[in-house]
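Novice: can't give you the sequence, but here's the structure:
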């Protein structure tokens, strides 16, 4: 990945951590930072992701991960995308795998049990890292899509 793309990934990481510090949940911070960076238009993102923090408030499916999947879907889908989209599904699966490789699991409650008393600091780091991973995967998918086969 070029320096310019790495800079974008670092910018989205910082932006996600800033949103987390401002009180947005992990899903909101990841989705908002990615969509804002590439689309500019963020209407409805905060509301859409509001229920996904703290593992959908049920303890599993880390909100940062689900926020990343929301961003992937919004940034790669066309307005007429219906049902299963192979590119989106593959990109979401790659994010899930990278997340598990990085953090050991995708379950919020499991991650939070491992965090010690520094929950917010660790969750903020997970949020920033996931935002950057999401951006990297979206950019790679967009490049692949624009490259003739």
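Specialist: Structure's in. What do you need? Treat the numbers as computed from the prediction; the structure is a model and nothing was measured.
Novice: mind listing what's buried in the longest helix seen in the chain?
Specialist: Counting by DSSP state H, the longest helix found in the chain is helix 119-146. Buried residues in helix 119-146, counting neighbours by 16 or more other CB atoms under 10 Å, are found at 122-139, 141. C-beta: built from backbone N, CA, C; applies to glycine.
Novice: which other helices and strands contact it?
Specialist: The contact analysis (3 or more CB pairs under 8 Å, 6 or more residues apart in numbering; DSSP states H and E) places helix 119-146 against helix 3-21, helix 26-38, helix 63-76, helix 86-103, helix 108-113.
Novice: which of these sits most buried?
Specialist: helix 26-38 (a mean of 28; mean count of other CB atoms under 10 Å).
Novice: who's in contact with the very next helix or strand once past it?
Specialist: Downstream of helix 26-38, the next assigned helix or strand under DSSP states H and E is helix 45-49. Contacts of helix 45-49 with the rest of the structure, by CB atoms under 8 Å, 6 or more residues apart in numbering, involve 24-25, 27-28, 30-32, 35, 63, 66-67, 70, 74.
Novice: show me the contacts for residue 21.
Specialist: residue 124 are the contacts of residue 21 under CB under 8 Å, 6+ apart.
Novice: so where is the protein shaky, pLDDT-wise?
Specialist: Along the chain, the parts satisfying pLDDT under 70 run over 1, 115-119, 147-149.
Novice: Could you pull up the contacting residues of the most centrally placed residue in it?
Specialist: What sits nearest the mean C-alpha location of the chain, by CA atoms, centre = their mean, is residue 68, with 2.2 Å. Residue 68 makes contact with 30, 31, 34, 95, 99, 130, 131, 133, 134, according to CB under 8 Å, 6+ apart.
Novice: Could you dump these into JSON lines with distance to residue 108 added?
Specialist: What follows is the contacts of residue 68, written out as JSON lines (distance: CB to CB, whole Å):
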{"residue": "30", "distance to residue 108": "13"}
{"residue": "31", "distance to residue 108": "16"}
{"residue": "34", "distance to residue 108": "19"}
{"residue": "95", "distance to residue 108": "16"}
{"residue": "99", "distance to residue 108": "11"}
{"residue": "130", "distance to residue 108": "12"}
{"residue": "131", "distance to residue 108": "16"}
{"residue": "133", "distance to residue 108": "17"}
{"residue": "134", "distance to residue 108": "17"}
